[in-house]
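J.: how would this look folded up:
(2 chains)
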Amino acid sequence: AQSVTQPDIHITVSEGASLELRCNYSYGATPYLFWYVQSPGQGLQLLLKYFSGDTLVQGIKGFEAEFKRSQSSFNLRKPSVHWSDAAEYFCAVGPKAAGNKLTFGGGTRVLVKP
Amino acid sequence: DAGVIQSPRHEVTEMGQEVTLRCKPISGHDYLFWYRQTMMRGLELLIYFNNNVPIDDSGMPEDRFSAKMPNASFSTLKIQPSEPRDSAVYFCASSLGTALYGYTFGSGTRLTVV
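T.: Presented below is the predicted three-dimensional model:
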């Protein structure tokens, strides 16, 4: 069965510093990969997605993620965080074959220090 | 498009009462998902529909929970009778086709059962 692991439950980062959130997945084949962000009191918003091709994908709000097949990882990065990036971030995987059921990780809560 | 619309945004009810949560997916989307989010269990998929037909309801916790999708533009999640442990944020999401495009989430309904 597929699974998604986000090893870090909480991360605290200073404003202006870089951020990297880890995501590891277990899947029968290379799946579709996603990162979502959830601001307090809001639903989840899609940040970026990977289907195939270039393993470095760009998303909204200055985020990027890199797919590493050998490590079954899809880590999210941002070079310089802003206070508004404080939120919870979810990694998700979905099937390339028939079906449309995303599996979400447990989330990483990011706190931004001034 | 107004996105996925959920109502109500907040619901407070007494134990034993019936609760109905509502969702209007994005027009043209053929998949609809109901999720529950709690601190303890994170995001849980309760049920999802494809073309108004329930495909997987294995996440529905008990017979007290039921979901319907009478047409392509409306779905309900009903809890009868409600219990305090049902307190959570319930999200509806919709998508088009396969997992390729990810999901669009609503803003959620925060349910409190006292």
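
J.: rest of the way, CA atoms for contacts and neighbours
T.: Will do.

J.: Now name the helix or strand holding the spatially most central residue of chain A.
T.: Per Cα atoms, centre = their mean, the C-alpha nearest to the average position across chain A is that of residue A:35, at 3.5 Å. Assessed by DSSP states H and E, residue A:35 sits inside strand A:32-38.

J.: Tell me which stretches of chain B form helices.
T.: Assigned helices in chain B: none (criterion: DSSP state H).

J.: which stretches of it have low pLDDT?
T.: Within chain B, the stretches with pLDDT under 70 are B:1.

J.: Could you find the closest non-adjacent residue to the residue of it positioned farthest from its centre?
T.: The outermost residue of chain B, judged against the average C-alpha position, is residue B:100 (21.2 Å), by Cα atoms, centre = their mean. Distances taken as Cα to Cα, 6 or more residues apart in numbering or on different chains place residue A:32 nearest to residue B:100, at 6.6 Å, with adjacent residues excluded.

J.: quick one: that neighbour from residue A:63, how far?
T.: Distance, residue A:32 to residue A:63, by Cα to Cα, to the nearest Å: 18 Å.

J.: just checking, what packs against the lowest-mean-pLDDT helix or strand in chain A?
T.: Using mean pLDDT, DSSP states H and E, strand A:103-104 stands out as the lowest-scoring helix or strand of chain A, at a mean of 90. Packing partners of strand A:103-104 (3 or more Cα pairs under 8 Å, 6 or more residues apart in numbering or on different chains; DSSP states H and E): strand A:3-5, strand A:87-94.

J.: Out of those strands, which one sits most buried?
T.: strand A:87-94 (a mean of 25; mean count of other Cα atoms under 10 Å in any protein chain shown).

J.: so how many other residues sit close to the closest residue to residue A:42 other than its chain neighbours?
T.: Distance criterion Cα to Cα, 6+ apart; nearest residue to residue A:42, sequence neighbours excluded, is residue B:107 at 5.1 Å. Counted by other Cα atoms under 10 Å in any protein chain shown, the residues lying close to residue B:107 total 23.

J.: Count residues in the vicinity of residue B:105, would you?
T.: The burial count assigned to residue B:105 is 26, neighbours taken as other Cα under 10 Å.
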